[in-house]
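A.B. asks: Sharing a model prediction with you, sequence too.
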Amino acid sequence: MKKGIKIFLIILAILVIVLLADTIQSKVFNNKNLNSQTNIRDENTNKNEVDKIMEDVTNINVSINNQKYNATIENNETARSFISKLPQEFNMKELNGNEKYIYLDETLPTNSYNPKHIEKGDIMLYGNNCLVVFYKSFDTSYSYTKIGHIQELPDLGNKNIIIKFNNI
């Protein structure tokens, strides 16, 4: 009889251990799902906050040689990423007698295409980290991702310049 009780207690102990392990595993799995859902919710909240900023900010201020200009910003991921880093001031270098450029410290998301024609005032991203402001119109075979356009931009000359980008 004692042998039967021992076997019963061993089986009971094994059953309790299995049930406890299953309960613990279930709680851990549910917490991982909860954390995953929380992270997704946080990412969506951040994206929604940026989208809200983009709804409110379709224009930014651009200062060049103490002159202020208005720039219209595109509604794309690249522009949103650029806007999220403002205000910024860049010492932009001259290139080709038609553009100012600077390589950014960080990369931006891209969706490049060949616009075939650049308009004076276009703000573009070349590659994933080269910010370009064009001050003359011309035809092109290069691909860019458009960030925005500066209205009434004058010829900026053949010197390096400081350009400040600010949210309005």
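C.D. replies: All right, it came through fine.
A.B. asks: Give the residue spans of this structure that score low on pLDDT.
C.D. replies: Low-confidence segments of the chain (pLDDT under 70): 1, 24, 26-57.
A.B. asks: Kindly recompute the last result at 90.
C.D. replies: Scanning the chain for pLDDT under 90 picks out 1-58, 65-66, 167-168.
A.B. asks: Let me see the ranges of the strands in it.
C.D. replies: 59-64, 67-73, 88-95, 99-103, 117-118, 122-126, 130-134, 138-139, 145-150, 161-167 (DSSP state E).
A.B. asks: for the longest one, the distance to its chain's centre please.
C.D. replies: Using C-alpha atoms, centre = their mean, to the nearest Å, the mean C-alpha position of strand 88-95 is found 21 Å from that of the whole chain.
A.B. asks: which secondary structure elements does that strand contact?
C.D. replies: Judged by 3 or more C-beta pairs under 8 Å, 6 or more residues apart in numbering; DSSP states H and E, the packing partners of strand 88-95 are strand 99-103, strand 130-134, strand 161-167. Backbone N, C-alpha and C define where each C-beta goes, glycine included.
A.B. asks: Next, the buried residues of it.
C.D. replies: Of the residues in strand 88-95, F90, M92, E94 count as buried by neighbour count, 16 or more other C-beta atoms under 10 Å.
A.B. asks: Then the last one?
C.D. replies: Of the residues in strand 161-167, those scored as buried under the neighbour-count criterion (16+ other C-beta under 10 Å) are I161, I163, F165.
A.B. asks: What angle do strand 122-126 and it make with each other?
C.D. replies: In terms of direction (axes from the mean of the first three to the mean of the last three C-alpha atoms, to 10 degrees), strand 161-167 departs from strand 122-126 by 100 degrees.
A.B. asks: what's across from K93 in the sheet?
C.D. replies: Beta bridges link K93 to Y101, judged by DSSP bridges.
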